[in-house]
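S.K.: This is a predicted model, with the sequence first.
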Amino acid sequence: MIRKAFCEIPIPETWVRDYQRRTSEQELLVSRASQIREKLLLLKSSMNALFADKHFLTLLRAEDLQQVPDGLTSDGIELR
């Protein structure tokens, strides 16, 4: 007896369901990216405020923490 291979033929309802699922996933990704961007902007703003404080810079030098990731500093910050 020969069996026929079962092939599921995509139907428009399946396409719509798949499209809706993928759209929801993309919307969630965009939402997460937006939240992360806001947090990073807050962090950068906070770090810029700290780097503007001479006492904070003195503390960093005293603790020998003179290397800061580029993304956290504003242009022109020199810790040495």
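M.R.: Arrived safely, thanks for sending. Bear in mind that the values here come from a model prediction, so they are computed numbers and not experimental data.
S.K.: Every contact and neighbour count from this point should use C-alpha atoms.
M.R.: OK.
S.K.: Tell me which stretches of the chain form helices.
M.R.: Per DSSP state H, the chain carries helices over the ranges 12-51, 54-62.
S.K.: So what's the gap between the shortest one and the chain middle?
M.R.: This points to helix 54-62. Relative to its chain's centre, helix 54-62 lies at 29 Å (CA atoms, centre = their mean, to the nearest Å).
S.K.: angle of it against helix 12-51?
M.R.: 90 degrees (axes from the mean of the first three to the mean of the last three CA atoms, to 10 degrees).
S.K.: can you pull the buried residues of helix 54-62?
M.R.: 57, 60 (16 or more other CA atoms under 10 Å).
S.K.: quick one: low-confidence ranges for this structure?
M.R.: 1-10, 73-80 (pLDDT under 70).
S.K.: And the residue nearest the centre of this structure?
M.R.: Note on the chain: the residue nearest the mean C-alpha position is I36, at 4.5 Å, using CA atoms, centre = their mean.
S.K.: ok, it to E13 distance?
M.R.: 35 Å (CA to CA, to the nearest Å).
S.K.: could you list every residue that touches the residue nearest to the centre of the chain?
M.R.: By CA atoms under 8 Å, 6 or more residues apart in numbering, the contact set of I36 is empty.
S.K.: that older thread, export the helices of the chain to CSV and append columns for distance to V68.
M.R.: Below are those laid out as CSV (distance: least, CA to CA, whole Å):
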stretch, distance to V68
helix 12-51, 10
helix 54-62, 10
